[in-house]
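>>> pasting the structure only:
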Ligand code: BEZ
Ligand code: FE
């Protein structure tokens with residue numbers, strides 16, 4: 001049925017280059033959702049301002065439309081090219097910063113990334129999460145504390161990382177064992193945690209789609225410095241989604257998704273004292289010792 005739309009209160013939508021944004025925003029006066037109106041008004045204003053500054057040709061604007069179309073076509077249940085776009089534009093980190101304002105001293109958040117799986121096995125403290133014995137041995141240990149320095153027991157530590165070639169298990173099904181280099185631990189009475197793994201390596205974010213092409217066209221690289229991912233949670237405390245980073249990685253100062261924060265850079269100390277290597281239960285000549293404490297803020 002071709003019924004008449006509600007035109008009540010609507011200003012005239014006569015369009016000129018000078019007042020384009022106001023004319024479009026004026027049509028939103030009957031919005032049912034005040035937040036939607038606020039968001040779309042702001043976006044419209046900034047988009048029109050950008051177009052006025054850029055003055056794209058029709059061909060350039062069509063190229064932008066094709067880029068967004070390709071970004072959609074590249075996305076499915078496994079691959080989210082729009083999140084990658086948000087990551088490389090720094091928007092993921094900005095939204096996270098706005099939503100994770102915490103007291104000084106509390107552990108900072110960083111990007112979740114696409115490689116977390118929800119059902120990783122829970123292990124007793126000290127377990128080696130490297131299931132294929134490939135890579136340089138590493139012990140990761142530390143404590144989880146509250147902002148007053150009190151140890152927190154029973155904190156869930158969900159950890160995952162890439163292997164020493166820079167791939168997650170889910171990227172190499174049939175090559176790495178399922179659940180390689182991921183696991184869940186719970187801190188003991190004094191807030192301590194410790195587990196074994198292998199030293200991670202830097203890697204490229206998925207760069208075979210339009211976002212990868214955009215990076216290369218901009219003269220940028222797609223690499224992330226070596227890191228371990230964590231989700232740290234306990235009832236009554238703000239959940240922390242974060243990483244710890246290897247300070248010696250070549251990309252530590254140039255993460256393609258802007259995830260590095262000074263407070264998340266850990267120390268990776270090489271231990272080659274045979275007594276300590278044997279005490280840690282490794283067969284090789286050395287291992288990496290990584291000590292890092294996390295601090296949880298109370299839920300706001
Ligand atoms: C990651 O660290 O797993 C990641 C983060 C953002 C984009 C791609 C990967
Ligand atoms: Fe990662």
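That came through fine. Small disclaimer: the values here were computed from a predicted structure and weren't measured. Residues are numbered from 1 along each chain as shown. Ligands and ions are numbered 1, 2, ... in the order given.
>>> Tell me which residue is most central in the chain.
Taking C-alpha atoms, centre = their mean, the centroid of the chain lies closest to residue 111, which sits 1.8 Å from it.
>>> Which residue, other than its chain neighbours, is closest to that residue?
Nearest in space to residue 111, with sequence neighbours left out and distances taken as C-beta to C-beta, 6 or more residues apart in numbering, is residue 259 at 4.7 Å. In this view, the C-beta of every residue, glycine as well, is placed from N, C-alpha and C.
>>> Quick check on that neighbour: phi, psi?
Per-residue torsions, residue 259: phi -80, psi -10 (degrees, to the nearest 10).
>>> Ligand 1 contacts on the stretch 51-200 of the chain?
Residues of the stretch 51-200 of the chain lying close to ligand 1 (C-beta under 6 Å from any ligand atom) are 84, 87, 111, 113, 114, 115.
>>> which residue packs closest to the fourth one, ignoring adjacent ones?
Nearest residue to residue 113 in three dimensions, chain neighbours excluded: residue 229, at 6.5 Å (C-beta to C-beta, 6+ apart).
>>> The residue nearest to the centre of the chain belongs to a helix?
No: counting by DSSP: H, G, I helix; E, B strand; the rest coil, residue 111 is not found in a helix; it is coil.
>>> Just the buried ones among the residues of the stretch 51-200 of the chain next to ligand 1, please.
Buried subset of these (neighbour count, 16 or more other C-beta atoms under 10 Å): 84, 87, 111, 113, 114.
>>> Relative to residue 272, which of those is nearest.
Nearest to residue 272 out of these is residue 113 (C-beta to C-beta; 32.3 Å).
>>> For the closest residue to residue 14 other than its chain neighbours, give me phi and psi.
Among residues not flanking residue 14 along the chain, residue 23 sits closest, at 6.9 Å (C-beta to C-beta, 6+ apart). Note on residue 23: its backbone torsions stand at phi -60, psi -40 [degrees, to the nearest 10].
>>> Any idea how many residues pack against residue 23?
17 (other C-beta atoms under 10 Å).
>>> Is it in contact with residue 13, as I believe?
Yes: Residue 23 sits in contact with residue 13 when judged by C-beta atoms under 8 Å, with a separation of 5.8 Å.
>>> Might you report the residue contacts of the residue nearest to the centre of the chain?
By C-beta atoms under 8 Å, 6 or more residues apart in numbering, residue 111 lies in contact with 87, 92, 93, 96, 241, 243, 257, 259.
>>> now do 10 Å
Neighbouring residues of residue 111 by C-beta atoms under 10 Å, 6 or more residues apart in numbering: 83, 86-87, 92-93, 96, 224, 229, 241-243, 255, 257-259.
>>> just those now: which is nearest residue 188?
Nearest to residue 188 among the contacts of residue 111: residue 242, at 20.8 Å, using C-beta to C-beta.
>>> so the closest one is in which element?
Assessed by DSSP states H and E, residue 242 sits inside strand 240-245.
>>> Report the next helix or strand after that strand in sequence order.
Note on strand 240-245: by DSSP H and E, the next helix or strand toward the C-terminus is strand 267-271.
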